[in-house]
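A.B. asks: Here's a sequence, model it:
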Amino acid sequence: MTDDYYRRVNGVREPDPTLGKSRKPAVPEGAAVEPVPGAPSGPKHEAKPEHHAKPKRQRVILADPRQATSTLRARVELEEQTSWGKLLVRDLVKIQLRTASLLALLVMVTLCSLPVLFYLIPSFGRVTVVGIPLPWLILGVAPFPFLFGIGLWYNRLAERHERDFVDMIEH
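C.D. replies: Next up, the predicted model:
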């Protein structure tokens, strides 16, 4: 039996649907103050200029209900290393490892197949370009741009996985 209780979308777990339901909402840095409807105002209810007069009632709003608390909650889950946060990080690591493994396999298959190709087709190994044997050029020069391209490809894939992870946490 697996401990994966969360639904996956494109290989990334979705946030827990009960996330943030049982805890208090996040408190923003500044509190908004708005007048309470129905507070006495007008000429009949004007406060007399005494120093013992009651101040006008105001409602203090500590959390804007339109603001999503899931972003903050998800970050707290990751920082506190809860089970859900650990699963999300583990998924990110698995995706990165899978990408690295597949690209490493591609490099190994490509570079290891060249000597086999030269062995199986000896006439291909005897071809020269500008007096230099083709196998020397292919094995000595061609791997560098190939490896550079694979490295760039891996870097872009890794950044995309990280962006997807951050987008999933923030939304």
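A.B. asks: Not counting residues beside it along the chain, what's closest to Leu92?
C.D. replies: Distances taken as CB to CB, 6 or more residues apart in numbering put Phe165 closest to Leu92, at 5.0 Å, once the chain neighbours are dropped. Bear in mind the C-beta positions are built from the backbone N, C-alpha and C, glycine included.
A.B. asks: host element of the one you found?
C.D. replies: Using DSSP states H and E, Phe165 sits in helix 143-170.
A.B. asks: Check which helices and strands that helix sits against.
C.D. replies: When contacts are defined as 3 or more CB pairs under 8 Å, 6 or more residues apart in numbering; DSSP states H and E, helix 143-170 packs onto strand 12-13, helix 70-79, helix 83-120.
A.B. asks: Using TSV, lay out these together with distance to Leu137, mean neighbour count and mean pLDDT.
C.D. replies: Conversion of the helices and strands packed on helix 143-170 to TSV gives the following (distance: least, CB to CB, whole Å; neighbours: other CB atoms under 10 Å; pLDDT from 0 to 100):
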stretch	distance to Leu137	mean neighbour count	mean pLDDT
strand 12-13	43	18	68
helix 70-79	49	16	70
helix 83-120	11	14	92
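A.B. asks: Show me where the chain dips below the pLDDT cut-off.
C.D. replies: Applying pLDDT under 70 to the chain picks out residues 1-51, 61-72, 74.
A.B. asks: Swap in 50 and give it another go.
C.D. replies: Scanning the chain with the threshold set as pLDDT under 50 gives 1, 25-27.
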